[in-house]
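[1] I would like to see how this sequence folds:
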Amino acid sequence: MAASLQIICGGLPLNPLPHERKRSSSLPHAPVRNPKLTQSEKRLALKNSLRYFPVEAHSTLAPEFLKELETYGHIYMYRFIPPIDMKAYPVEEYPVKCPAAAAIMHMIMNNLNPKVAQFPEELVTYGGNGQVLSNWAQFWLLMNYLSNMNEEQTLVMYSGHPMGLFPSYSDAPRLVITNGMVIPNYSSREEYEKFFALGVTMFGQMTAGSYCYIGPQGIVHGTTLTVLNAGRKYLGSGDLSGKVFITSGLGGMSGAQAKAAVISGCVGVIAEVNKDALLKRYEQGWLMKWTDDLEDCIKAIKTARSQKAPLSLGYHGNIVSLWERMVEEYKATGELIVELGSDQTSLHNPFGGGYYPAQLSYSESQEMLKTDPERFKSLVQESLRRQVKAINALCTAGMRFWDYGNAFLLESGRAGADIKKENGEYKYPSYVQDIMGDIFSLGFGPFRWVCTSGLSSDLAETDAIALRVLQDIMKRGIPDSVHQQYEDNSKWIKEAGKHEMVVGSQARILYSDDEGRIEIALGFNTAISEGRIKGPVVISRDHHDVSGTDSPFRETSNIEDGSKFCADMAIQNVIGGSFRGATWVAIHNGGGVGWGEVINGGFGLVLDGTQEAAKRAQRMLYWDVMNGVCRRAWSGHPLAQGVVERAERNDPLLKVTKSNDVLDTVLNEAITD
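    Alright, predicted model coming up:
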């Protein structure tokens, strides 16, 4: 029998306990983990999981949880999967004392919606291991705390664990989330597997663990901009008709590539080993065609190429096989039928199911992950070497390739692939460094919002407001350096509603700077107060943004003063957002490039039509962008310096430390060989 939201918010169901249940055979499941726990560590993991339950339940739950640990490598507590249609319900349906708590519940349940989440029963939203929570007991407790929260309390979350409600004040965040904040010396993959199995930490990815994921739409726009700008930079044109872009991955984030290719006007070919993931995108209409035959794939590419017809083509098979077949085609015909290439497999987790070796089928890989993880690792690295060899051959012939921020360069290099130049630099750039870095330096990044009423009419109204704001700003006059960004985003928001990108919550995304974000947010807030938008709007962003993430191989890869390995920006971003008006804040160890490789922070802010919400949006959004712009300006980026100079002229309260030019002649005289 299905439960109501009232029941879901009532706390852990203990009297009676829910019936024991098995994993659903109709849903995809996370790869089995292999934490290699000792007997004493298994005992500790079991003890930690039983802490959520009264003593009288232990004899029932202990053997069950132990079996989960030994079978799947983690205690998910499948018995406690809520018997409810998991989705983002209209905000007024949640039983709460604090309206902001209802908006947070809306976001959490969207992250776990089977139409949105990659492995919903394992609480994984995307990326193979991006957890919303660590187990289902935490879900029940979290919903109960949110239901009971008032405006003078803040809920504290430790890596999925609800630590409790603490006295606070009305201007403070209602929720503070930390995920994976393990001491740096212990942030290794091996240690993570153990800590996660023990139930003491978790990998929140980026927007999974901060409850701000909006489905693959969240990256469609950024992917569209990346492909368009790659065409402008590498091919000399934003017209990509008849051009072929080959990549891999049709999961929670990478699934956006199919839709983005069509919006960009090119032929997008995306390899995916997991047929369930491929069919999910096909059934959602994001993928136009698919095949599991390489020869059919080549024919379809040539046809679409000659017709200059936009196409999203899924290849059910390994990306290595596709790259190697493209090399064969070039050698046989002399025709290079691909212009652009990348990769979006989950290489932040290469040996735990984020990347599958070409030597094995998908099912064989799943089995080897459990039975022989060392052999699996060896095959993954061999497969990466083959993939790079094929990419190198095609790039020598004229293709352009970039790292899509998924740790492809990092893991290929660790595997011994021929991925570096003689000077030790990578042969291929990070897409942030080479294609999108200037955009971040100008203060543009992925701003997003969710209409918590669940009404498509509210989303349409927000689209209209956002477009009107962008056009008004352009009419007032903008610097030449940002003109292309405003043009691209105006075109995007005009077209967004036509592409059926809503999966789960009524959400939208666009790239904007602080001026655009603030005016759009204020426009939403006014529309809510006037009743043109029927419910609160949550504004947020991808962590992959101007200020949110310190990631030396992605977001901060174009910072060249030596500080790209420092995480001050992300930490300051979250601390500053917390006292400038965010409804909730989150800070994570780990993200798109992996555990221990990045620190990233996010936020959510609820607009409810009040003047207080307007003040919060102005304070918070300005800081959220300018923090990162000023960091880039200090590192010497000229575009960021220009933004800071204009901001200081317009804001008498802003005083930023300047980076002075340092002459090469002085350095040459001071330091001699």
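[2] Do I have it right that residue 97 meets residue 149?
    Yes - with contact defined as CB atoms under 8 Å, residue 97 and residue 149 form a contacting pair (6.5 Å). Bear in mind the C-beta positions are built from the backbone N, C-alpha and C, glycine included.
[3] Show me which of these two is the more surrounded one.
    residue 149 (21 against 13; other CB atoms under 10 Å).
[4] For the more buried one, give its distance to residue 164.
    Residue 149 sits at a distance of 11 Å from residue 164 (criterion: CB to CB, to the nearest Å).
[5] list residues touching both of those two?
    Shared contacts of residue 149 and residue 164, defined by CB atoms under 8 Å, 6 or more residues apart in numbering, comprise residue 155.
[6] OK, contacts around residue 319?
    Residue 319 touches 247-248, 271, 343, 345, 358, 387, counting by CB under 8 Å, 6+ apart.
[7] For these, which two are the farthest from each other?
    247 and 358 (15.7 Å; CB to CB).
[8] Looking at these two, which has the bigger crowd around it?
    residue 247 (26 against 20).
[9] any idea whether the more buried one is helix, strand or coil?
    Here residue 247 takes the strand state, with states given by DSSP: H, G, I helix; E, B strand; the rest coil.
[10] ok, for it, nearest residue in space, not its chain neighbours?
    residue 342 (4.6 Å; CB to CB, 6 or more residues apart in numbering).
[11] That neighbour and residue 401 touch, don't they?
    Yes - using CB under 8 Å, residue 342 is in contact with residue 401, at 6.5 Å.
[12] More neighbours: those two, which one.
    A count of neighbours by other CB under 10 Å puts residue 342 above the other of residue 342 and residue 401, at 26 against 23.
[13] Not counting the strand or helix carrying residue 381 itself, show me its contacts.
    Using DSSP states H and E, residue 381 sits within helix 373-396. The contact list for helix 373-396, computed with CB under 8 Å, 6+ apart, reads 34, 318-320, 323-324, 326-327, 330, 336, 338, 341, 343, 350-351, 355-360, 365, 368-369, 399, 401, 411-412, 414-419, 427-428.
[14] what about 7 Å?
    Contacts with helix 373-396, where a contact means CB atoms under 7 Å, 6 or more residues apart in numbering, come from 34, 319-320, 323-324, 326-327, 330, 336, 338, 341, 350-351, 355, 357-360, 365, 368-369, 401, 411-412, 415-419.
[15] show me the contacts for the residue nearest to residue 247.
    So residue 342 contacts 247, 401-402, 404 (CB under 7 Å, 6+ apart).
[16] Within the helices and strands, which one has residue 606?
    strand 599-607.
[17] the strands in the stretch 1-150 of the chain, which residues?
    Ranges of strands within the stretch 1-150 of the chain are 124-126, 130-131, based on DSSP state E, counting those that start in this stretch.
[18] now swap in the stretch 201-350 of the chain and tell me
    244-248, 267-272, 289-291, 311-316, 340-341.
[19] Tell me the spacing between residue 413 and residue 429.
    14 Å.
[20] same check, this time on residue 486
    According to CB to CB, residue 486 stands 25 Å off from residue 429.
[21] follow-up on the earlier one: against which helices or strands is the helix or strand just after the strand holding residue 606 packed?
    Following strand 599-607 in sequence order, the next helix or strand is helix 611-634 (DSSP H and E). In terms of contacts (3 or more CB pairs under 7 Å, 6 or more residues apart in numbering; DSSP states H and E), helix 611-634 is packed against helix 437-441, helix 514-529, helix 568-580, strand 599-607, helix 638-650.
[22] On the three-state scheme, residue 178 is what?
    Under three-state DSSP, the three-state class of residue 178 is strand.
[23] re the thing from before, just among the contacts of residue 319, which is most surrounded?
    residue 248 (30 neighbours).
[24] in the stretch 451-600 of the chain, which spans are helices?
    Using DSSP state H, counting those that start in this stretch, the helices of the stretch 451-600 of the chain run over 456-476, 480-496, 514-529, 568-580.
[25] Which positions in the second one come out as buried?
    If I follow you right, that is helix 480-496. By neighbour count on 16 or more other CB atoms under 10 Å, the buried set for helix 480-496 is 482, 484-486, 488-490, 492-493, 496.
[26] ok, and what's touching it?
    Against helix 480-496 from outside (CB under 7 Å, 6+ apart): 221, 225, 228, 439, 442, 444, 463, 466-467, 470-471, 473-474, 478, 508, 510-513, 639, 642.
[27] give me that answer again for 8 Å
    By CB under 8 Å, 6+ apart, the residues outside helix 480-496 that reach it are 221, 224-225, 228, 263, 439, 442, 444, 463, 466-467, 470-471, 473-474, 478, 508, 510-513, 516, 639, 642.
[28] And for the shortest one?
    With contacts defined as CB under 8 Å, 6+ apart, helix 568-580 is touched by 172-173, 176, 547-550, 556, 585-587, 599-603, 616, 619-620, 623-624, 627-628, 631.
[29] How far off centre is it?
    Offset of helix 568-580 from its chain centre (CA atoms, centre = their mean, to the nearest Å): 19 Å.
[30] Isn't residue 541 up against residue 445?
    Yes - Residue 541 sits in contact with residue 445 when judged by CB under 8 Å, with a separation of 6.5 Å.
[31] what is in contact with the two at once?
    Common contacts of residue 541 and residue 445 (CB under 8 Å, 6+ apart): residue 548.
[32] coming back round to it: buried subset of the contacts of helix 568-580, written for ChimeraX?
    Those of those that count as buried under 16+ other CB under 10 Å are selected in ChimeraX with:
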select :172,173,176,547,548,549,550,556,585,586,587,599,600,601,602,603,616,619,620,623,624,627,628,631
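[33] quick revisit: can you add distance to residue 12, secondary structure and pLDDT and give the contacts of residue 342 back as JSON lines?
    Below are the contacts of residue 342 laid out as JSON lines (distance: CB to CB, whole Å; DSSP: H, G, I helix; E, B strand; the rest coil; pLDDT from 0 to 100):
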{"residue": "247", "distance to residue 12": "43", "secondary structure": "strand", "pLDDT": "94"}
{"residue": "401", "distance to residue 12": "50", "secondary structure": "strand", "pLDDT": "95"}
{"residue": "402", "distance to residue 12": "47", "secondary structure": "coil", "pLDDT": "89"}
{"residue": "404", "distance to residue 12": "41", "secondary structure": "coil", "pLDDT": "82"}
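[34] so which of the residues you listed comes closest to residue 129?
    Nearest to residue 129, judged by CB to CB, of these is residue 404 at 18.0 Å.
[35] which residues touch that closest one?
    For residue 404, the contact set (CB under 8 Å, 6+ apart) comprises 226, 247, 342-344, 431.
[36] Now with 6 Å, please.
    342, 344, 431 (CB atoms under 6 Å, 6 or more residues apart in numbering).
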